[in-house]
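Participant: return atomic coordinates for the entry below.
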Amino acid sequence: MPLKFPVGMVIPFAGPLKEDQLKSSGWVPCDGRVLDKTQYSELFDVIGTKYGGDGIPNFNIPDLRGRFVRATDHGRGYDPDAQRRKASKSGGAAGDNTGSVQEYATAKPKNNFITNDKGNHNHLVDHLPTDYWNAACAITSNEGANFPGRTATSGEAGQHSHTIVSGGDSESRPVNLYMYWIIKFTSSDYDESILLPAGSIVSFAGDSVKKSNELIANGWLPCIGSSYEANKYPDLYENISNIYGGDQNKFNVPDLRGLFIRGVNSNTSETPGVHGATRVGQTEDYSTALPKTLNFTLSTDGAHTHSAPKLPQDKYIENYCAGHEVANFPSNQYTGNNGNHAHTIAGGDAETRPVNIYLDYIIKSSNV
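Facilitator: Reported below is the predicted structural model:
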């Protein structure tokens with residue numbers, strides 16, 4: 001009896017989409033399309049309107065273009081924003097339920113950001129004496145006031161905070177590789193007996209390298225970028241060709257070691273923005289964007305003082321004419337406010353990534 005795969009099963013597909021071939025084996029692309037429940041009754045029985053639609057008779061399938069897949073939290077607590085998740089389309093499921101979506105988020109790193117120390121600056125203080133002031137004309141040439149070289153300290157009013165409102169990348173994402181996602185829509189057997197087309201990717205809970213001989217014997221290859229003879233795996237070569245490397249005689253399988261899988265972005269209005277990779281097989285490095293909700297704020301540790309040389313305190317009496325006020329220097333004079341400055345931020349973690357668990361990936365090597 002041939003191996004059965006459950007209706008609603010979603011898997012990555014490593015090659016370009018050949019819809020006729022996929023549909024003949026019971027699969028359709030996960031592109032959010034609208035289906036009629038009378039024609040796809042088995043799939044509707046499994047997913048209903050979780051991904052949108054009214055069910056009379058239309059319903060949507062998952063739209064994984066440009067998206068990552070995250071397991072439903074089911075109250076476990078690993079997704080702190082599970083209850084804020086939104087419906088992917090009108091009529092779809094929201095909250096901690098299969099089918100809901102959420103935008104990227106950027107948390108404070110576990111290894112704190114640290115600003116640089118390029119905040120050194122000075123303030124211009126107007127009308128300060130430099131050394132001596134002469135008395136009024138009645139006693140011309142006499143030294144009116146002597147301001148010694150001692151210093152006074154300005155008031156402490158530098159405490160401030162910074163809110164980070166610009167910079168960063170266009171989204172927060174982990175390092176990833178672009179692939180299509182497909183969904184099983186029927187349990188019926190087909191004459192072609194292509195239940196799982198060559199190029200299909202599934203997770204493997206064991207060590208695919210150590211178990212490679214057993215996997216190969218059963219029609220699977222580890223996704224570690226290895227090269228194979230095209231004539232040895234004609235079905236797989238036909239479906240993925242040289243997307244991952246190779247020539248007319250050899251080809252490479254995807255290398256998914258250390259990578260997340262992201263759905264190929266078809267660049268439609270309903271798909272998240274394109275960030276460099278637009279075709280199956282391309283990779284994206286991780287990126288870190290500003291938070292969607294609360295901006296980063298630097299600590300308020302900016303309190304500081306400035307030493308101001310030769311500041312008069314209030315009045316100085318002319319040396320040679322006792323009691324005669326030579327100059328009146330009011331108190332509470334303020335320095336200039338040209339202390340604007342910027343900080344770059346160092347620190348952070350080694351990469352931006354979602355909470356995850358390690359599994360290996362393997363690829364189907366034939367159509368049978």
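Participant: residue contacts, the residue nearest to residue 173 when sequence neighbours are not counted?
Facilitator: Among residues not flanking residue 173 along the chain, residue 287 sits closest, at 5.6 Å (C-beta to C-beta, 6 or more residues apart in numbering). For glycine as for every other residue, the C-beta is placed from the backbone atoms N, C-alpha and C. Listed by C-beta atoms under 8 Å, 6 or more residues apart in numbering, the contact set of residue 287 reads 169-173, 275, 352.
Participant: how far away is the closest residue to residue 63 other than its chain neighbours from residue 14?
Facilitator: In space, and not counting its chain neighbours, residue 63 is closest to residue 32: 2.8 Å by C-beta to C-beta, 6+ apart. For residue 32, the distance to residue 14 equals 21 Å [C-beta to C-beta, to the nearest Å].
Participant: compare the two (neighbour count), which wins?
Facilitator: Set side by side, residue 32 and residue 14 show more neighbours around residue 14, with 26 against 19, by other C-beta atoms under 10 Å.
Participant: wait, what's in contact with that one?
Facilitator: Residue 14 touches 179, 199-201, 239-240, 243-244, 253-254, 280-281, 363, counting by C-beta under 8 Å, 6+ apart.
Participant: rerun that using 6 Å as the cut-off
Facilitator: Residue 14 makes contact with 179, 199, 201, 240, 254, 363, according to C-beta atoms under 6 Å, 6 or more residues apart in numbering.
Participant: return the helix or strand in the chain with minimum mean pLDDT.
Facilitator: strand 132-134 (a mean of 49; mean pLDDT, DSSP states H and E).
Participant: out of the contacts of residue 14, which comes closest to residue 214?
Facilitator: residue 363 (15.0 Å; C-beta to C-beta).
Participant: three-state assignment of that closest one?
Facilitator: Three-state assignment for residue 363 (DSSP: H, G, I helix; E, B strand; the rest coil): strand.
Participant: where in the stretch 151-300 of the chain is pLDDT low?
Facilitator: Low-confidence segments of the stretch 151-300 of the chain (pLDDT under 70): 151-158, 189-194, 266-278, 300.
Participant: let's see 80
Facilitator: In the predicted model of the stretch 151-300 of the chain, residues 151-163, 165, 188-195, 266-278, 294, 297-300 satisfy pLDDT under 80.
Participant: residue ranges for the helices of it, please.
Facilitator: 212-217, 234-240 (DSSP state H, counting those that start in this stretch).
Participant: buried deepest among these, which one?
Facilitator: helix 234-240 (a mean of 20; mean count of other C-beta atoms under 10 Å).
Participant: circling back: could I get the helices of the stretch 151-300 of the chain as a markdown table with distance to residue 78?
Facilitator: Formatted as a markdown table, these follow (distance: least, C-beta to C-beta, whole Å):
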| stretch | distance to residue 78 |
| --- | --- |
| helix 212-217 | 30 |
| helix 234-240 | 33 |
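Participant: nearest to residue 111, out of those?
Facilitator: Taking the helices of the stretch 151-300 of the chain one by one with C-beta to C-beta, helix 212-217 is closest: 36.3 Å.
Participant: residues making contact with the closest one?
Facilitator: Counting by C-beta under 6 Å, 6+ apart, 222, 362 sit against helix 212-217.
Participant: switch to 10 Å and redo it
Facilitator: 204, 206, 208-209, 220-222, 224, 226, 228, 233, 360, 362-363, 365 (C-beta atoms under 10 Å, 6 or more residues apart in numbering).
Participant: out of those, who's the most crowded?
Facilitator: Neighbour counts for the contacts of helix 212-217 peak at residue 363, which has 28 neighbours (criterion: other C-beta under 10 Å).
Participant: tell me where the stretch 151-300 of the chain has strands.
Facilitator: 151-153, 163-164, 176-184, 201-204, 220-222, 227-229, 250-252, 260-263, 283-284, 296-297 (DSSP state E, counting those that start in this stretch).
Participant: out of those strands, nearest to residue 356?
Facilitator: Residue 356 lies closest to strand 260-263 among the strands of the stretch 151-300 of the chain, at 7.5 Å (C-beta to C-beta).
Participant: checking the nearest residue to residue 55 once chain neighbours are set aside next. Helix, strand or coil?
Facilitator: Leaving aside its chain neighbours, residue 55 sits nearest to residue 49 (5.0 Å; criterion: C-beta to C-beta, 6+ apart). Recorded secondary structure, residue 49: coil (three-state DSSP).
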